[in-house]
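[1] Fold the stuff below for me.
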Amino acid sequence: MSKTRLLIVMAAVALLATGCKEKKKTDDIIAPKVEAAKPSAPIRMQDYTQVKDVVWLDKSYKITIHRAPDDSLQMVKDETGQKFVDNRITLTITRSDGSVAISKTFTKSVFNSYLDDEYRQGGILEGFVFDEVDGRQLEFAASVSLPQTDEYIPLEVKVDNMGNLTIERDSNMDTYGNGDKHDDEDD
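    Coordinates of the predicted model:
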């Protein structure tokens, strides 16, 4: 065998020997490091106003509900640390001559006794809408929600003609979407 051939065979054997060498196994997983999204500036809901004309106790009234984010209220955080600005809701009931019959301001703290700790600490006052006239009372639906979720506590707020408030958790929610109250036993 010539020297050249011998060198070629030896080189091939060396390559085969190193190529078949078992690689060291590790439990390391090589992947790019993913950083959690950093919270952005506090999130604020849009201002909202509902105006409704009603006949109550045989007289005409205008109900105005105005929701606005309020930086003076304590902000809440979700599980990622994202901050949310809580809301202040103002209810104004005016007579046909424009004079104010009733004016009430609501923050989440008004509803604290109807909330559990999760909603007291992480919820915001999100909704407040007129529902119906019921005798001497005007009924409203309110909600304290966990921001950017479908989770909320429904509340019923009643205001009588003297301006007295009654608040309770709403156990008879409208799940039919048309305002009709249904009795499941009749179906």
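[2] Which positions in stretch 111-125 come out as buried?
    111, 114-115, 119-120, 122-125 (16 or more other C-beta atoms under 10 Å). Heads up, the C-betas are built off the backbone N, CA and C, glycines and all.
[3] now the residue most central in space within the chain, nearest residue through space, not along the chain?
    In the chain, the centroid-proximal residue (C-alpha atoms, centre = their mean) is residue 147; its distance is 2.2 Å. Leaving aside its chain neighbours, residue 147 sits nearest to residue 84 (4.3 Å; criterion: C-beta to C-beta, 6 or more residues apart in numbering).
[4] again with residue 50
    The nearest residue in space to residue 50 (C-beta to C-beta, 6+ apart) is residue 65, at 4.5 Å.
[5] For the one you found, list the residues it contacts.
    48-51, 89-92, 128-130, 140 (C-beta atoms under 8 Å, 6 or more residues apart in numbering).
[6] Please apply the same query to residue 138.
    54, 56, 63, 93, 130, 132, 158-159.
[7] Shouldn't it be within a strand?
    Yes. Membership of residue 138 in a strand is supported by DSSP: H, G, I helix; E, B strand; the rest coil.
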